[in-house]
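[1] show me how the following folds:
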Amino acid sequence: MEGYDYGRMEKLIEFLKKGKCTMKELWQASGWHYGTLKRYVDFLEKRGKVATKIVGRGRNRRREVWLVDDKLI
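    Numbering: from 1, shown residues only. Model (predicted):
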């Protein structure tokens, strides 16, 4: 788990405790670079902490993220 900051993961989990949101909403709320946010969401998805789903079609396509397990460790 080198290269990942647990403080940032906790902040991301706090954002997701409010409910389902899109990557764009997370990106705007966090103020992080989009690539960093995507990397953290992918990591948490592999660990089973969050789930993602692609919704919409064409230009309206977006990735929704929601919390599955709120415990970090």
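[2] my guess is Gly48 meets Val68, correct?
    Yes: applying Cβ atoms under 8 Å, one finds Gly48 in contact with Val68, separated by 6.4 Å. In short, each C-beta sits where N, CA and C put it, glycine included.
[3] so which of those two has more stuff around it?
    The residue with more neighbours, out of Gly48 and Val68, is Val68; 12 against 9, by other Cβ atoms under 10 Å.
[4] roughly how far does that one sit from Glu14?
    Counting by Cβ to Cβ, to the nearest Å, the gap from Val68 to Glu14 is 15 Å.
[5] residue contacts, Lys49?
    By Cβ atoms under 8 Å, 6 or more residues apart in numbering, Lys49 lies in contact with 13, 67-72.
[6] repeat that with 7 Å
    By Cβ atoms under 7 Å, 6 or more residues apart in numbering, Lys49 lies in contact with 68-69.
[7] tell me the pLDDT of it.
    Looking at Lys49, its pLDDT is 92.
[8] can you offset everything so residue one is 600?
    In the new numbering, first residue 600, that becomes Lys648.
[9] how close does the most centrally placed residue in the chain get to Phe614?
    Nearest to the geometric centre of the chain sits Val640, at 3.8 Å (Cα atoms, centre = their mean). Plainly put, Val640 is 11 Å away from Phe614 if you go by Cβ to Cβ.
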